[in-house]
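A.B. asks: Predicted model and sequence follow; I will ask about them next.
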Amino acid sequence: MTREEFLRQEIDKYRRKIETYQAMISEWEVELGIPAASNPQSQPLDASGHKKSPGAADPLSLVHGMIFFNKSQSEAAKAFLEMVGYPLKTWLILEAVEKGGLKVGGKTAVAKKQNFYTILHRSPDFGLVTKDTWGLVDWPGVTKKAADEVAEPESAKKDGSNDEAVGK
């Protein structure tokens with residue numbers, strides 16, 4: 001491999017990382033109610049490093065018709081995340097899978113989300129990036145961790161504190 005090829009690969013790798021982090025920041029800003037226009041850097045970049053068009057911000061717009069017909073729920077979720085290219089919340093992946101033609105079991109919305117979360121958690125293809133946010137394990141920064149490892153920082157585990165002993 002020549003130095004030029006190596007540098008091009010490194011540039012691509014880091015652009016993908018930047019895109020992943022910008023997408024996560026954008027999603028958290030939406031969750032906090034921070035308008036996207038207030039942070040011009042929150043707009044994700046495409047693979048070439050250019051800003052994506054505003055219409056590309058809605059991942060559900062990528063799902064058309066019965067795109068996930070004849071796939072399992074985990075296969076459909078993986079295909080959707082591959083289309084989007086960055087981690088997403090459980091509810092958004094669930095919505096995309098259902099929009100694409102699959103039915104997720106559960107009588108209520110909460111039960112559906114819980115069932116779908118369990119499917120993602122049991123699959124070796126998915127990892128939690130943050131609480132309730134899934135990515136593919138072959139992406140940078142995504143590992144197959146237990147949900148409690150993501151929800152509770154390592155520092156909280158090591159100090160020996162026990163919520164039950166405190167009475168919380």
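C.D. replies: The structure has been received and is ready for your questions.
A.B. asks: Next secondary structure element downstream of the longest helix anywhere in the chain?
C.D. replies: Scanning the chain for the longest helix, with DSSP state H as the assignment, gives helix 3-32. Later in the chain than helix 3-32, the nearest helix or strand by DSSP states H and E is helix 73-84.
A.B. asks: Report the rounded mean pLDDT for that next one.
C.D. replies: The predicted model gives helix 73-84 an average pLDDT of 92.
A.B. asks: Repeat that for stretch 25-45.
C.D. replies: The average of the pLDDT scores along stretch 25-45 is 62.
A.B. asks: try stretch 90-105
C.D. replies: The average pLDDT for stretch 90-105 rounds to 91.
A.B. asks: what's that stretch in contact with?
C.D. replies: 59-60, 62-63, 65-69, 71, 73, 76-77, 80-81, 111-113, 115-117, 120, 132-134 (CB atoms under 8 Å, 6 or more residues apart in numbering). For glycine as for every other residue, the C-beta is placed from the backbone atoms N, C-alpha and C.
A.B. asks: Could you pick out the buried ones from those residues?
C.D. replies: With neighbours counted by 16 or more other CB atoms under 10 Å, the contacts of stretch 90-105 contain buried members at 59, 63, 67-68, 71, 73, 76-77, 80-81, 112-113, 116-117, 120, 133-134.
A.B. asks: mind giving me the domain ranges of the protein?
C.D. replies: Under the assignment named as automatic domain parsing, the residue ranges that make up the domains of the chain are 1-57, 60-168.
A.B. asks: Now for Met66: which residues touch it?
C.D. replies: Met66 makes contact with 100-101 under the criterion CB under 8 Å, 6+ apart.
A.B. asks: Can you read off the backbone torsions of it?
C.D. replies: Dihedral pair for Met66: phi -100, psi 50, per degrees, to the nearest 10.
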